[in-house]
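Engineer: Quick check, what structure comes out for this input:
(one chain, ligands or ions: 1)
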Amino acid sequence: MIGRLNHVAIAVADLDAATSVYRDTLGAKVSAPVDLPEHGVTTVFVELPNTKIELLLPLGEDSPVANFVKRNPGGGVHHICYEVDDIIAARDKLVADGARVLGGGEPKIGAHNKPVLFLHPKDFCGTLVEIEQV
Ligand code: CO
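Structural biologist: Numbering: from 1, shown residues only. I've put the predicted structure just below:
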């Protein structure tokens, strides 16, 4: 069901420092920071030949990554995102298999203007999983 790895998201407390690590130390192509208020994050997109890294900085009081960054002040892998062809079919299969879909189960429009859902980390080997319809 799942296809390509679309991105790995890393949440950080210092977006400039994280951007510098990827741009200057690792030599990757990075975007300018993009505020996504509806997602509660400021993001820098790191483009790699085969996938993307998204650096996430909490934005606003209710940011879904705020607590994660408090617990991981040095940063950490927050979620991984897999591509699916049909997000509703994917959701229905996951729910039928007993997986927990977060946020009420209705897809939201994600950072790439495509529908996304998040899946409970306890059902996926301790990793918060995002699925994105591409
Ligand atoms: Co993501």
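Engineer: What parts of this structure come near the ion?
Structural biologist: Within the chain, the positions adjacent to the ion are 9, 81, 130 by Cβ under 5 Å from the ion. (Each C-beta comes from the backbone N, C-alpha and C, glycine too.)
Engineer: Export the helix or strand encompassing the second one to PDB, keeping only CA atoms.
Structural biologist: Meaning Cys81. Applying DSSP states H and E as the criterion places Cys81 in strand 76-84. Taking only C-alpha atoms (Å, rounded to 0.1, in the frame of the first residue of the first chain), the coordinates of strand 76-84 have been written out as PDB:
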ATOM      1  CA  GLY A  76      14.800  14.800  17.000                       C
ATOM      2  CA  VAL A  77      13.000  12.800  14.300                       C
ATOM      3  CA  HIS A  78       9.300  13.700  14.700                       C
ATOM      4  CA  HIS A  79       7.600  11.700  11.900                       C
ATOM      5  CA  ILE A  80       8.100  10.000   8.600                       C
ATOM      6  CA  CYS A  81       5.800  10.400   5.700                       C
ATOM      7  CA  TYR A  82       4.900   7.700   3.100                       C
ATOM      8  CA  GLU A  83       3.100   8.200  -0.100                       C
ATOM      9  CA  VAL A  84      -0.200   6.500  -0.900                       C
END
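Engineer: Pairing partners for it, with directions?
Structural biologist: Partner strands and pairing direction for strand 76-84 (DSSP bridges) are strand 5-11 (antiparallel), strand 129-133 (parallel).
Engineer: nearest to Pro107, of the ones you listed?
Structural biologist: Each of the strands paired with strand 76-84 has some distance to Pro107 by Cβ to Cβ; the shortest is strand 129-133, at 7.3 Å.
Engineer: which ones are touching the residue lying closest to Gly75 once chain neighbours are set aside?
Structural biologist: By the measure of Cβ to Cβ, 6 or more residues apart in numbering, the closest residue to Gly75 outside its immediate chain neighbours is Val12, 4.0 Å from it. If a contact means Cβ atoms under 8 Å, 6 or more residues apart in numbering, then Val12 has 18, 55-57, 69, 75 as its contacts.
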